[in-house]
Structures are given as structure tokens and as C-alpha cells.
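[1] Okay, structure incoming, though there's no sequence with it:
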């Protein structure tokens, strides 16, 4: 079972294929299983990576760190440890919000593109 320690939490992930990396971020309480079809089907042309946020799916359950800010920090550590650069970041629902928070905190230096699926943004 592949697990990487990120900011005090063991994050479960799955990594398939080779080539342009696509990293999938799931919605609230869903886990990477939501993207199972995409992870396997797209792996013949791309490197597909799914990760469970802390406290979700098969990742370690922690008492702290359950904010989009912390999830973005975990994703930064995750990308660094796997040496993933020039990625396409695909976020569904809360995963999309985490991807926005990631760019807010760290910029887009590792990101080639982003896709947000089924989310809403309330403008003030």
C-alpha cells in the first residue's frame, strides 16, 4: 500500500502509467476511488496519480489539519516527494477548492493546467 508522510499524516496514493502527470483531487469524504476509472483508463497515455486527503479514504486519520489550507500544504509536500512537475491538476468539488488554495499559497510553478469539476464559487 503506497503511503507518503506529508506534514505529519500518511497519505495513501495510487500511481499509474508514464508521461504527462495528471493528479486527481477528490471531493469531501470521497477518496481517490471516485477517480478509479480515470486513473486506470488514462494511464495508457498519461501518468495518473490519485491521492486521498488526510482523514479520507485510506489515508491516515488525524485530529488536526482538516482545512483546505492544510490539504493544499499536504499536496505540495506530496508533489515534492514524488518529484512531480508540469502536472495537470484535476479537482472535483472540494478537490477543486484545494487546487485553488494550492495556487493561492504556492503559485503555479509545478502546474501546467488545472481543471475544476462540479464546484461552485460564491463571489462577494
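    Everything's here; your move. Given the structure is predicted, the values throughout are model-derived calculations rather than measurements.
[2] From now on I want contacts and neighbour counts done on CA atoms only, so please keep to that.
    Fine.
[3] Roughly how far does the residue nearest the centre of the chain sit from residue 2?
    Nearest residue to the geometric centre of the chain (C-alpha atoms, centre = their mean): residue 25, 3.6 Å. To residue 2, residue 25 is 17 Å away according to C-alpha to C-alpha, to the nearest Å.
[4] Repeat that for residue 68.
    For residue 68, the distance to residue 2 equals 23 Å [C-alpha to C-alpha].
[5] Look at these two and report which has more neighbours.
    residue 68 (19 against 10; other C-alpha atoms under 10 Å).
[6] give me phi/psi at that one?
    Phi and psi for residue 68, reported as degrees, to the nearest 10, are phi -60, psi -30.
[7] Do I have it right that it meets residue 100?
    No. At 9.3 Å, residue 68 does not count as touching residue 100 under the criterion of C-alpha atoms under 8 Å.
[8] contacting residues around residue 14?
    2, 49, 50, 51 (C-alpha atoms under 8 Å, 6 or more residues apart in numbering).
[9] which among those residues gets closest to residue 19?
    Residue 19 has its nearest neighbour among these in residue 49, at 11.4 Å by C-alpha to C-alpha.
[10] does that closest one count as helix, strand or coil?
    Classification of residue 49 by DSSP: H, G, I helix; E, B strand; the rest coil places it in strand.
[11] burial measure for it, as a count.
    Neighbour count of residue 49, defined by other C-alpha under 10 Å: 23.
[12] For stretch 58-75, which outside residues touch it?
    3, 6-7, 9-12, 31, 52-55, 97-99, 101-102, 105.
[13] Tell me which residues of it come out buried.
    By neighbour count on 16 or more other C-alpha atoms under 10 Å, the buried set for stretch 58-75 is 58, 59, 60, 65, 68, 69, 70, 71, 72, 73, 74, 75.
[14] Right, I'll call it a day here.
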